[in-house]
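**Student:** Predicted model follows, preceded by the sequence.
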Amino acid sequence: MENERWSWTLAHPLYDIDDIVELGQILLKAEGNTVLNTDPQVFRHQLTVCATNQLFDKRREFLAVCRDKDNKLMGYCWFDRGGYTTYSTEEISNAKFHHVDLTLSTRTRVRLINEMIDQHILWASNNSIPIICSTSIRSEHDGFMRIHTKRGFVVNGSYGWIRTEEGLKGIKYV
């Protein structure tokens, strides 16, 4: 479904990283993390490496940005692959971030998160990754995980899991 108010693109190392770092820092500071010391330069480095690698190999990681019609960053999502549990040989794609601008309306934030979940499922499917895991470090993660429950994820606390093939049945927006 096309949306005239915003569009998604793969993150570009020259054009998107500064905005992602800025939004990421706002969200991480808002959470009041007292355990980890965040470093914007480390984040910038990791994002730049991911976005650059993605230009050449879209199978390794997925980093996408959503911008409104005025080119303002509304959110971004970042997924990786190569995760495994200690009790299974099935590969897992983990969501590193689902970040949305918290000044957006609740309805818009929910829609963006659903679009991010769709992208995660499709990327995992296209890359033959059988399991998707989505987590939250936020203290208030109930709403975020409720979206996952509605999408068919098995949710335990702040972790949501789904088999990619099951997730495909619930694609909403892409």
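**Tutor:** All right, it came through fine.
**Student:** so for the helix or strand encompassing Thr52, what's the average pLDDT?
**Tutor:** Under the criterion of DSSP states H and E, Thr52 resides in helix 40-56. Per-residue pLDDT over helix 40-56 has a mean of 97.
**Student:** same check, this time on stretch 99-109
**Tutor:** pLDDT averaged over stretch 99-109 gives 95.
**Student:** Now the terminal residues of that stretch, how far apart.
**Tutor:** 9 Å (CA to CA, to the nearest Å).
**Student:** Give me the contacts around that stretch.
**Tutor:** 20, 23-24, 26-27, 30, 72-77, 112-113 (CB atoms under 8 Å, 6 or more residues apart in numbering). No exception for glycine: its C-beta is placed from N, CA and C like everyone else's.
**Student:** just checking, which of these belong to strands?
**Tutor:** Those of the contacts of stretch 99-109 mapping onto strands are Leu73, Met74, Gly75, Tyr76, Cys77, per DSSP state E.
**Student:** residues of whatever helix or strand comes next after the helix holding Thr52 that come out buried?
**Tutor:** Downstream of helix 40-56, the first helix or strand assigned by DSSP H and E is strand 62-68. By 16 or more other CB atoms under 10 Å, the buried positions in strand 62-68 come out as Phe62, Leu63, Ala64, Val65, Cys66, Arg67.
**Student:** Which secondary structure element of this structure has the lowest mean pLDDT?
**Tutor:** helix 17-31 (a mean of 87; mean pLDDT, DSSP states H and E).
**Student:** who does that one touch, helix- and strand-wise?
**Tutor:** Applying 3 or more CB pairs under 8 Å, 6 or more residues apart in numbering; DSSP states H and E, we find helix 17-31 packed against helix 40-56, strand 73-79, strand 92-100.
**Student:** I'd like those as CSV, with distance to Ile131 appended.
**Tutor:** Shown next, in CSV, are the helices and strands packed on helix 17-31 (distance: least, CB to CB, whole Å):
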stretch, distance to Ile131
helix 40-56, 21
strand 73-79, 12
strand 92-100, 4
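**Student:** For Phe43, see how far away Leu36 is.
**Tutor:** 11 Å (CB to CB, to the nearest Å).
**Student:** quick one, which of the two is more surrounded?
**Tutor:** Phe43 (16 against 8; other CB atoms under 10 Å).
**Student:** Does the more buried one touch Glu22 like I think?
**Tutor:** No - Phe43 is not in contact with Glu22 according to CB atoms under 8 Å; the separation is 10.3 Å.
**Student:** in the least confident helix or strand of the chain, what counts as buried?
**Tutor:** So, applying 16+ other CB under 10 Å, buried residues of helix 17-31: Ile17, Asp19, Ile20, Val21, Leu23, Gly24, Leu27, Leu28.
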